[in-house]
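*Asks:* have a look at this fold, sequence not included:
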């Protein structure tokens, strides 16, 4: 009986008694801080290491999406920033997007925005996003529940500089369109924010007897 009681107490440590809503926001926000860090933005180490109980202590069981916003500067150019905006659970219509964009201040310092949505966006809202002067990426919150780059089989991706790309093309007598390709909507490409025409060095090591390297061009 005693042993069973100890096992039961041990198992309760793995049961999340908090809200599903707060857990989803926590996981997505944690992945986003890792994403921003990997893209070269300055993020606090406290955010990278924040625990679920710490998140709930600050934001509660039903977090206000407005309070979850993230604004981070580029390490290489601190005057250039990215803004992460969380949407609610309602369908995203034109009015919702216009309201979100109207609340952005100092947009001249932004070179990119990330919208995290929990519902579909209609085509009228999408048109507003496409026409906005600041490049805006869209993620569904379910895309951010895990950091796909941390999977043991995920290859390492490194973007080549302009000079490195030119050297590679010259070395192999290639044009961009002759290279192996990666779609711009590929999950890895979206995580790192890769742009059309950029070339990636892709290194495979996990589970392989010898490391393997190839190159891909973003469509």
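*Replies:* Thanks, I have it. The model shown is predicted, which means the values in this text are computed figures rather than measured ones.
*Asks:* and for the residue nearest to residue 120 when sequence neighbours are not counted, the neighbour number?
*Replies:* Spatially, and ignoring its direct neighbours in sequence, residue 120 is nearest to residue 91 (6.1 Å; Cβ to Cβ, 6 or more residues apart in numbering). (Each C-beta comes from the backbone N, C-alpha and C, glycine too.) When neighbours are defined as other Cβ atoms under 10 Å, residue 91 has 14 of them.
*Asks:* for this structure, longest helix please?
*Replies:* Longest helix in the chain, counting residues (DSSP state H): helix 20-39.
*Asks:* and the next element down the chain from it?
*Replies:* helix 45-48 (DSSP states H and E).
*Asks:* identify the residues contacting that following helix?
*Replies:* Residues outside helix 45-48 that contact it (Cβ atoms under 8 Å, 6 or more residues apart in numbering) are 29, 30, 33, 34, 37.
*Asks:* residue contacts, residue 30?
*Replies:* Taking Cβ under 8 Å, 6+ apart, we find residue 30 in contact with 47, 48, 50.
*Asks:* ok, now with 10 Å
*Replies:* Counting by Cβ atoms under 10 Å, 6 or more residues apart in numbering, residue 30 touches 47, 48, 49, 50, 51, 52, 55, 144, 145, 146, 147.
*Asks:* that older thread, buried sites along the longest helix of the chain?
*Replies:* Of all the residues in helix 20-39, those buried under the rule 16 or more other Cβ atoms under 10 Å are 22-37, 39.
*Asks:* helices along the chain, start to end?
*Replies:* For the chain, applying DSSP H gives helices covering 2-12, 20-39, 45-48, 52-59, 94-102, 123-131, 162-172, 187-192.
*Asks:* check those for me and report the most buried one.
*Replies:* helix 20-39 (a mean of 19; mean count of other Cβ atoms under 10 Å).
*Asks:* chain center to that one, what's the gap?
*Replies:* Its chain's C-alpha centre and that of helix 20-39 lie 8 Å apart, by Cα atoms, centre = their mean, to the nearest Å.
*Asks:* report the angle between that helix and helix 52-59.
*Replies:* Using axes from the mean of the first three to the mean of the last three Cα atoms, to 10 degrees, the inter-axis angle of helix 20-39 relative to helix 52-59 is 100 degrees.
*Asks:* pLDDT averaged over helix 20-39, what's the number?
*Replies:* Averaged across helix 20-39, pLDDT comes to 97.
*Asks:* for the spatially closest residue to residue 174 that is not a sequence neighbour, give its distance to residue 158.
*Replies:* Spatially, and ignoring its direct neighbours in sequence, residue 174 is nearest to residue 168 (7.7 Å; Cβ to Cβ, 6+ apart). Distance, residue 168 to residue 158, using Cβ to Cβ, to the nearest Å: 12 Å.
*Asks:* want to throw the helices of the chain into a markdown table with distance to residue 85?
*Replies:* Listed next are these as a markdown table, based on distance: least, Cβ to Cβ, whole Å:
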| stretch | distance to residue 85 |
| --- | --- |
| helix 2-12 | 36 |
| helix 20-39 | 11 |
| helix 45-48 | 16 |
| helix 52-59 | 15 |
| helix 94-102 | 6 |
| helix 123-131 | 11 |
| helix 162-172 | 31 |
| helix 187-192 | 17 |
